[in-house]
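# Turn this into a model:
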Amino acid sequence: MALQQVLEIYELLDSAVVTGKMVADLLQARGANQVEVTTIEGQKGTTDFLKIIIPGTRGKQGGGSSRTLGILGRLGGIGARPEHIGLVSDGDGAVTALAAALKLLDMQRKGDSLPGDVIIGTHICPDAPVIPHKPVDFMDSPVDMQAMNCHEVDPQMDAILSIDTTKGNRILNVKGFAISASVKEGYILRISEDLVRIMEITSGKPAVILPITMQDITPYGNDVFHINSIMQPSVATDVPVVGVAMTTATIVPGCASGASHVIDIEVAVRFCIEVAKEFGAGLCQFYDEGEFQRLVQLYGSMKHLQTLPSNEQ
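So this is what the prediction gives:
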């Protein structure tokens, strides 16, 4: 159960004055030894990027060979002040990722360390701008997507769970969370059976799959429609990326306050932690390596989909 950690993080982030340092202080008080806070200023304001490394018993941090899972909380901002007061729906990704970090630290303190390292990344901005979008407005970010990927995607990650609020659409109308297909080097691959299994165990319900398109796995800035930023880490890495979408049965704007559901977030946190356990132990695969190589052999590289056309850069 991770409800306590979700509530702690939610209350901390539901603030007009919260900073990355305040979050780092909480994590360090619970045992985190590797926490980085980097303040970045963009054209639309500033945000604090957080990176938390939680070493495993056989992880690379200690010279081991167990795989490293990346857990990224994707969002434009946790708040849209002064237009909207309070933590906005878009902040669910940050709450989920940071609650997972806090839970993993509490587990370590109680003697339950995972085999592999886990790297958690997100950013803290309580006053992000809003951008017009259909069917509902999106949260914008003070910094561009390239900066986000630069500060959140770590080369030590062997696979990534990208958590993002995905409520402002008519495509998926189920309250809770959903997972996407695995995306690697411009290929949308088959749904991971291991992730489906873990999702059904942790949620107690049939798995829900987020449909993604070719547009969604291309970089922002190419003037094509993206469901949101959930798959954007896939343009900045060659490792497999799976989206973890926080979803609702109705269309909810990313800038809406009072729209976070802590029980749904708690289930997503447990999903991420169970994936981290099995991935580091070698029991969970995000994709079939042989099948991926066969696709490349048959149809060639799709890595050009990870970049903007030369005339757009």
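
# When you work out contacts or count neighbours from here on, use the C-alpha atoms and nothing else.
Fine.

# residue ranges of the strands in the stretch 151-300 of the chain, please?
With DSSP state E, counting those that start in this stretch, the ranges of strands along the stretch 151-300 of the chain come out as 159-165, 176-179, 183-184, 187-188, 241-247.

# From the contact counts, what lies against the first one?
What that stands for is strand 159-165. strand 69-74, helix 92-109, strand 241-247 (3 or more Cα pairs under 8 Å, 6 or more residues apart in numbering; DSSP states H and E).

# give me every residue that touches Ala178.
207-210, 243-247 (Cα atoms under 8 Å, 6 or more residues apart in numbering).

# repeat for Ala236
Taking Cα under 8 Å, 6+ apart, we find Ala236 in contact with 149-150, 153, 306.

# Top of the residues you listed by number of neighbours, please.
Counting neighbours by other Cα atoms under 10 Å, Val153 leads these with 23 neighbours.

# how about CSV for the strands of the stretch 151-300 of the chain, with distance to Pro135 and mean pLDDT added?
Formatted as CSV, those follow (distance: least, Cα to Cα, whole Å; pLDDT from 0 to 100):
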stretch, distance to Pro135, mean pLDDT
strand 159-165, 15, 98
strand 176-179, 20, 98
strand 183-184, 26, 98
strand 187-188, 25, 98
strand 241-247, 15, 98
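
# Export these as TSV, with columns for distance to Leu195.
Shown next, in TSV, are the strands of the stretch 151-300 of the chain (distance: least, Cα to Cα, whole Å):
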stretch	distance to Leu195
strand 159-165	11
strand 176-179	8
strand 183-184	14
strand 187-188	15
strand 241-247	9
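
# if we compare the ones you listed, which one ends up closest to Thr46?
Closest of the strands of the stretch 151-300 of the chain to Thr46 is strand 159-165, at 20.0 Å (criterion: Cα to Cα).

# Can you list the strands that that closest one pairs with?
The strands beside strand 159-165 in its sheet (DSSP bridges) come out as strand 69-74 (parallel), strand 241-247 (parallel).

# Buried ones in stretch 156-175, by neighbour count?
For stretch 156-175, the buried set under the neighbour-count rule, 16 or more other Cα atoms under 10 Å, comprises 156-169, 172.

# Cheers, nothing more for now.
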